[in-house]
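**Q** sequence first, predicted coordinates after that:
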Amino acid sequence: MERRMAKLNISASGGTAGRGGKTYKVTLPTSWIEAMQLDSDQREVELLFDGGQILIIRRQTIESFFQKKHALKHTLCQLRFFDGDILCTEIMADFSDKTLVCQNYTDNLVKTAFGKNTLPVWEDFQAFLQERCIPKERAGLREYLETLGVDEYDPLSIILKTGGRMAEDQQWLEVQFK
């Protein structure tokens, strides 16, 4: 692992930032950026902060996530979230280590699976699945599950039967295990 010292560039925030607002930047070596295969076409990165360290990771595509996890023989599920016939969000979920990556294909946040959250975690994914099926507290739930042929309340099992269709919208899910 290569290490270097750097200094923060600190400047006053502009626009609608509050009084005394500041922005912080650091310059990264070109060789590191090139090694991460980042350039003007691919410049999205994910920042992770654990309270003491900042980690910069190249934004993972669905394809690279799939290849990496498939090579590890993990249980993967691809979900494609549609509004009518328009693909809005694609999700690749790893049930082995409970991680996921998603890609939005619309700027309309109401039509995306996770709204403005572009880096959902497993709990967000579970909440999304629950939103696309009958509420657990609904009266007559047992009869509904029997009609579907589902033994217990499991949002993914319900979605596999219903396509995640709800009466109040035109959104639905295509689910495929990989």
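**A** That came through fine.
**Q** what's the neighbour count on the nearest residue to Ala113 once chain neighbours are set aside?
**A** Among residues not flanking Ala113 along the chain, Thr89 sits closest, at 3.9 Å (Cβ to Cβ, 6 or more residues apart in numbering). For the C-beta atoms, the positions are set from N, CA and C on the backbone; glycine is no exception. Using other Cβ atoms under 10 Å, Thr89 has 22 other residues around it.
**Q** likewise the one 3 residues further on?
**A** Met92 is flanked by 23 other residues according to other Cβ under 10 Å.
**Q** in this structure it contacts Ala113, no?
**A** No. Applying Cβ atoms under 8 Å as the test, Met92 and Ala113 come out as separate, 11.9 Å apart.
**Q** which residues are in contact with both of these two?
**A** Cys102 (Cβ atoms under 8 Å, 6 or more residues apart in numbering).
**Q** what about the residue nearest to Ala113, which helix or strand?
**A** strand 86-94 (DSSP states H and E).
**Q** elements contacting that strand?
**A** With contacts taken as 3 or more Cβ pairs under 8 Å, 6 or more residues apart in numbering; DSSP states H and E, strand 86-94 sits against helix 62-71, strand 76-83, strand 99-104.
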